[in-house]
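Participant: below are the sequence and a predicted model; questions follow.
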Amino acid sequence: MAKLVRRQHVVSQFYLKGFANEANQLRRVVLPGDKSHIVSSSDASVIRDFYTVTLPDGSQSDIFERTFSEIEKPAADALRSVREGEWSLRDEPRAALSLWIALQHLRGEDVRSSQTQFKATLIRLTVGVSGKAALREIIEKAEARTISDEELEWEWQDLTKPGGPTLMPEINGHLKVLMSLHNGMSRYLYDAHWTVFRFTRRALVTSDRPVAMTVAPDYPPEHGVGIFTADAFLVPLSRRAAVMIQPRDRTPDANAPDFEIAGTAMVARSINQEIVRHASRSIYHHPDDSPLEGLYLPQPGRRDPNADIGSGLIKEEGLFAGLSKEQLKAFSPPSPSANDSKGMTIKDLPWPIPGRIKPER
């Protein structure tokens, strides 16, 4: 059966045109900013088969890409009206943009990688708390052979390193998260307070993560920022307009109408810095603009601040080694009720671990 190969946009093509010239060209700046080139809006932010799923019969489907296009069509019309000066939005275009902004946030590489990082961290902690002897037992039982101390040490070091084992990103898991969160996030955005900033001379940038979730400067970075903990969602709409969406409970007046504000040089710089800071690998802007001067450009693929979480729980002898049966009872979970599920233990760890990328020995 032939493999389906499709060029799929991780950032909507209709959106990127708002930052392009008349020839639909953008300048792509590769983080950390020492390389850039001209790219067409149709080629920017394209990843092959990023949303292509394998069905139970083994065939491949681009159903999600086609579903996304149904959200993009009304959003493109709504975005065009905002770019052309309409404000505030009526219910229908507001709903269309809310659906698209939620989709654009959830469809990206960063959401997929965060799911992979969470799974890797869970594996790391499960193995680290259980100890080397338990890991040996799992491997030897699954492979029906005796492993050497050297091989056990190699497996242990890889599985318990900061961030956990390297795993292949999982398409199906990512799309399940997208489907479970999309409607709730879009309703949350629809009910929020919207402020559009318009600029006549200053230019804005966008990135491969065009929806930036912002928080107060004193927010602890190790806590992570989620949909319902962000103080605002910042989205550049074109090189001359951006929208800030604030949950009603984060605004001084929960009943205030949407605002339209003439942007200043300082506001443009602040928006650009926030978008650049949230970028994953690429920044996009109009070829005639130079909006990155004086901005801090981060390194690509920045290290997860939670990669070392739980390091104190990882022990070769196992976290609970040496405790008596009576002492262990204090750490045992209560008897599960009918609607409770058992927590993961090393006995639940499939071996070999699906999607694991082993380093060379």
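Facilitator: Now that the structure is in, tell me what you want to look at.

Participant: how about stretch 213-220: buried residues?
Facilitator: Using 16 or more other C-beta atoms under 10 Å as the test for burial, stretch 213-220 gives 213-215. C-beta coordinates here come from the backbone N, C-alpha and C atoms, glycine included.

Participant: same check on stretch 95-111?
Facilitator: 95-110.

Participant: ok, those residues vs residue 82, which is closest?
Facilitator: Set against residue 82, the nearest of the buried residues of stretch 95-111 by C-beta to C-beta is residue 97 (7.7 Å).

Participant: from residue 207, how far off is that closest one?
Facilitator: As judged by C-beta to C-beta, to the nearest Å, residue 97 and residue 207 stand 19 Å apart.

Participant: so where's the protein uncertain?
Facilitator: 1-5, 222, 301-309, 322-343 (pLDDT under 70).

Participant: would you list every one of the strands in it?
Facilitator: All strands of the chain, identified by DSSP state E, fall at 7-9, 25-30, 35-40, 46-48, 53-54, 60-61, 193-198, 206-207, 212-214, 232-238, 241-246, 259-262, 282-285.

Participant: residue 162 is nearest to which of those strands?
Facilitator: Using C-beta to C-beta, the nearest of the strands of the chain to residue 162 is strand 212-214, at 24.5 Å.

Participant: tell me the helices and strands packed up against that closest one.
Facilitator: With contacts taken as 3 or more C-beta pairs under 8 Å, 6 or more residues apart in numbering; DSSP states H and E, strand 212-214 sits against strand 232-238, helix 265-278.

Participant: count of residues packed around the residue nearest to residue 138 when sequence neighbours are not counted?
Facilitator: The shortest distance from residue 138 to any non-neighbouring residue, by C-beta to C-beta, 6 or more residues apart in numbering, is to residue 351 (5.5 Å). Neighbours of residue 351 under the rule other C-beta atoms under 10 Å: 15.

Participant: quick one: contacts for residue 351?
Facilitator: 138-139, 142-143 (C-beta atoms under 8 Å, 6 or more residues apart in numbering).

Participant: nearest to residue 256, of these?
Facilitator: Using C-beta to C-beta, the contacts of residue 351 come closest to residue 256 at residue 138, 57.1 Å.

Participant: count the neighbours of the closest one for me.
Facilitator: Neighbourhood size, residue 138 [other C-beta under 10 Å]: 18.

Participant: for the one 4 residues further on, same thing?
Facilitator: Counted with other C-beta under 10 Å, the burial measure for residue 142 works out to 12 neighbours.

Participant: what do you get for the one 10 residues further on?
Facilitator: Close neighbours of residue 152, defined as other C-beta under 10 Å, add up to 16.

Participant: got it, and the one 5 residues further on?
Facilitator: By the criterion of other C-beta under 10 Å, residue 157 has 10 neighbours.

Participant: now swap in residue 360 and tell me
Facilitator: For residue 360, the count of nearby residues is 3 (other C-beta under 10 Å).

Participant: give me the distance between it and residue 154.
Facilitator: 11 Å.

Participant: picking up where we left off before, point out the most buried one among the helices and strands packed on strand 212-214.
Facilitator: Mean neighbour count, computed with mean count of other C-beta atoms under 10 Å, is highest for strand 232-238 among those, reaching a mean of 23.

Participant: which strands and helices lie in contact with it?
Facilitator: If contacts are counted by 3+ C-beta pairs under 8 Å, 6+ apart, strand 232-238 sits against helix 63-83, helix 91-106, strand 212-214, strand 241-246, helix 265-278.

Participant: other residues contacting the third one?
Facilitator: Pointing back at strand 212-214 there. Under C-beta under 8 Å, 6+ apart, the answer for strand 212-214 is 105, 225-227, 230-235, 274-275, 277-278.
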